[in-house]
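from the sequence below, what's the structure:
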Amino acid sequence: MYYINNFFIYSILGHIIETVFYALGSGESGILYGYWTPIYGVGCVFILFVYDHLVTLRTFPKWIENLLIFLTGAVFLTLLEYVAGNLIEYFFDTVFWSYDNLPLHIGHYISIEMALVWGMASLILIHFLKPIIDYVEKKIPSFITWILVVLFIFDVGLTAYFKVL
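Next up is the predicted model:
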């Protein structure tokens, strides 16, 4: 349940963050109807998974562990953005974000600048958010998790039916 709960927590937090940023500009967060943006959940769960496995190895000094988390976040989350951006454009015929305005962009969906942001965000996730979210996650009853899973599946189905087909 740990990773499923974290997926929902970070998907919802990501949606909140994007909603605040988009309120200052124009746009919307995510492709689903529900109040979650799954790319954040997937990215955070992957970083947590990698970190959990690094910790169990206990063979690296702390600075190497931090470097590995930074590089994993920078590379994986950038690739995740690339794949998700292209899939969204293909299936929904829309561009949800574009880094064309950044000097070191590579196509619409990735840039060196954002890769560095994702690396730093991964360190922030592990060192600052994880302890707080782990406390909250332990308080979530399993029936709430299952309700969220059902609602999420329903949301994906509705999105596929009304926006793709």
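
in the chain, which spans are strands?
105-106, 110-111 (DSSP state E).

comparing those strands, which comes out most buried?
strand 110-111 (a mean of 22; mean count of other C-beta atoms under 10 Å). Heads up, the C-betas are built off the backbone N, CA and C, glycines and all.

contacts for it, please.
78, 81, 82, 85, 99, 102, 104, 105 (C-beta atoms under 8 Å, 6 or more residues apart in numbering).

quick one: contacts for the most centrally placed residue in the chain?
In the chain, the centroid-proximal residue (C-alpha atoms, centre = their mean) is residue 40; its distance is 1.5 Å. With contact set as C-beta under 8 Å, 6+ apart, residue 40 has these partners: 10, 11, 13, 14, 15, 17.

rerun that using 6 Å as the cut-off
10, 11, 14 (C-beta atoms under 6 Å, 6 or more residues apart in numbering).

tabulate the strands of the chain (JSON lines), appending mean pLDDT and distance to residue 55.
Below are those laid out as JSON lines (pLDDT from 0 to 100; distance: least, C-beta to C-beta, whole Å):
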{"stretch": "strand 105-106", "mean pLDDT": "87", "distance to residue 55": "32"}
{"stretch": "strand 110-111", "mean pLDDT": "91", "distance to residue 55": "29"}
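
can you put those in a markdown table and add distance to residue 57?
Shown next, in a markdown table, are these (distance: least, C-beta to C-beta, whole Å):
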| stretch | distance to residue 57 |
| --- | --- |
| strand 105-106 | 32 |
| strand 110-111 | 29 |
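
out of these, nearest to residue 30?
strand 110-111 (18.4 Å; C-beta to C-beta).

got the contacts of residue 40 as TSV, with distance to residue 34, neighbour count and pLDDT columns?
Listed next are those as TSV, based on distance: C-beta to C-beta, whole Å; neighbours: other C-beta atoms under 10 Å; pLDDT from 0 to 100:
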residue	distance to residue 34	neighbour count	pLDDT
10	14	25	96
11	9	26	96
14	12	21	91
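
looking at these, which are in helices?
Judged by DSSP state H, the contacts of residue 40 include 10, 11, 14 as members of helices.

any idea which of those residues is closest to residue 131?
Nearest member of the ones in helices among the contacts of residue 40 to residue 131, counting by C-beta to C-beta, is residue 10, at 14.4 Å.

wait, the closest one sits on residue 41?
Yes: using C-beta atoms under 6 Å as the test, residue 10 is close enough to residue 41 to be in contact (4.7 Å).

thinking again about what came up before, now the contacts of strand 110-111: which count as buried?
78, 81, 85, 99, 105 (16 or more other C-beta atoms under 10 Å).

sweet, I'm off.
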